[in-house]
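> Sharing a model that was predicted from the sequence below.
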Amino acid sequence: MNPINALKRWLGGASEQSPTSDLELASKHWGEKAQEAIQALRPSSWAECPIVLSEYINPQVSGHAERGWLEAVASDYFAEPVDVALSLGCGGGGLERHGLQLGIAGRFDAYDVSAGAIDVAQEEAQKSGQADAIHYQVADLNRIELPTDCYGAVFASQSVHHIEDLEHYMAQVQQTLKAGGLFIVNEFVGPNQFQWTDAQLQHAQRLLESIPEKFRACIREEGIKHHVERPTIEAMNAYDPTEAIRSEDIISQMEAKFTIIDRRDFGGTLLHLVLDNIAGNLSETEAGKQVLRRLIDEEKQLIANGEITSDFTVLVARK
């Protein structure tokens, strides 16, 4: 298979017409993804599985099956709302809408590189009656210039791994936070540009092959999923050159500018690979759910044994 087409399958499909720059390519892709999320398409990724959320991710980040990471952060760190919070890489705007409901902030400013995603976020804020409390703007987060001492909290959910100039980005977040303010990140911190380790690939392939074939029908196209693959750098750059561009460096760059006061890893090292494009098949029957539980147990044990490390984490850092 052509490596670019293989990556399109991995990340969820794309138009054959290529935008003219890296920024336009990323903007187009994430505008489409924001629209898909609002339309609630059938789950195709590990983190969208109800069983994975309630029995694996949520217990690790919040200690409760039905409480997600943002609820946990709101409960643990925002007894009183800050006046204004900032959301970087806001996508379709779910974080800001939920954050207002949870009393994290009186209002939000929010930025994303994708005009399409911002359009979705503004439309959804209008529908929820929150448009007056959220200000949206398109911006390249690699070059953004933020005001000094402005925000009581800054949030980034699954967006920092798209930032290449992490040094500039972290300096801007540090500058814009008020003294004692919190920088809260929910992130993929695994291998740069999805260059999976040999251990990941070996264990992921073994787990995939252990899943009955009836559950391995691809969701985004016809066919059966037989392999877990490491994409080529060429394919990554051709599809979305920002994808996981410096994901391995996120934690060290945060530590250079902030004090990390809380870290809650939630795995995904194998499930991210194994369940891509088939996750929904395993969420619909009791037999499928039992397969999911077995996969969760195996990943947890391998992380506990130190054979692999968590690729996803929630970090709370203080200025």
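Yep, it's here. All figures in this text were calculated on a predicted structure; none of them were measured in a lab.
> This protein: strands as residue ranges?
82-88, 105-112, 134-138, 151-157, 177-188, 259-265, 312-318 (DSSP state E).
> export these to a markdown table and tack on distance to residue 200 and mean neighbour count?
The C-beta positions use only the backbone N, C-alpha and C, and glycine is treated the same way. As requested, the strands of the chain are exported to a markdown table (distance: least, C-beta to C-beta, whole Å; neighbours: other C-beta atoms under 10 Å):
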| stretch | distance to residue 200 | mean neighbour count |
| --- | --- | --- |
| strand 82-88 | 28 | 22 |
| strand 105-112 | 29 | 22 |
| strand 134-138 | 35 | 17 |
| strand 151-157 | 23 | 23 |
| strand 177-188 | 13 | 20 |
| strand 259-265 | 15 | 14 |
| strand 312-318 | 13 | 22 |
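> Nearest to residue 94 among those would be which one?
strand 151-157 (8.4 Å; C-beta to C-beta).
> helices or strands next to the closest one in the packing?
Strand 151-157 is packed against strand 82-88, helix 94-101, strand 105-112, helix 166-176, strand 177-188, with contacts defined by 3 or more C-beta pairs under 8 Å, 6 or more residues apart in numbering; DSSP states H and E.
> Output the below-cut-off pLDDT ranges for the stretch 101-250 of the chain.
Nowhere does the stretch 101-250 of the chain drop to pLDDT under 70.
> sorry, back to before: what's the closest of the strands of the chain to residue 276?
strand 177-188 (13.0 Å).
> Now do the closest one: everything it contacts.
If you take C-beta atoms under 8 Å, 6 or more residues apart in numbering as the criterion, strand 177-188 is touched by 69-70, 73, 77, 82, 149-158, 160-161, 173-174, 244, 247, 250, 254, 258, 268, 311-319.
> That one: how far from the chain's middle?
How far strand 177-188 lies from its chain's middle: 16 Å, per C-alpha atoms, centre = their mean, to the nearest Å.
> Each with direction, which strands does that strand pair with?
strand 151-157 (parallel), strand 312-318 (antiparallel) (DSSP bridges).
> For residue 143, find the nearest of those.
When the strands paired with strand 177-188 are compared by C-beta to C-beta, strand 151-157 sits nearest residue 143, at 16.0 Å.
> Span of stretch 306-319 from start to end?
31 Å (C-alpha to C-alpha, to the nearest Å).
> and stretch 89-99, average pLDDT?
Averaging pLDDT along stretch 89-99 gives 98.
> Can you give the contact residues for it?
30, 33-35, 37-38, 70, 74, 85, 87, 105, 108, 110-114, 117-118, 120-122, 124-125, 128, 130, 134, 136, 141, 155-160, 162.
> same question, stretch 192-207
The set of residues external to stretch 192-207 that reach it, using C-beta under 8 Å, 6+ apart, is 10, 190-191, 227-231, 233, 236, 243-249, 269-270, 273-274, 295, 298, 302, 307-308.
> likewise stretch 126-138?
By C-beta under 8 Å, 6+ apart, stretch 126-138 touches 90, 93, 96-97, 100, 106-115, 118, 121-122, 125.
> 6 Å instead, please
96-97, 100, 107-111, 115, 118, 121-122, 125 (C-beta atoms under 6 Å, 6 or more residues apart in numbering).
> sorry, back to before: can you go through the contacts of stretch 192-207 and name the buried ones?
10, 190-191, 228-229, 231, 236, 243-247, 249, 269-270, 273-274, 295, 298, 302, 308 (16 or more other C-beta atoms under 10 Å).
> So which residues of the stretch 201-319 of the chain form helices?
Taking DSSP state H, counting those that start in this stretch as the criterion, the stretch 201-319 of the chain carries its helices at 233-239, 250-257, 271-274, 286-304.
> okay, these, which one's buried deepest?
helix 271-274 (a mean of 25; mean count of other C-beta atoms under 10 Å).
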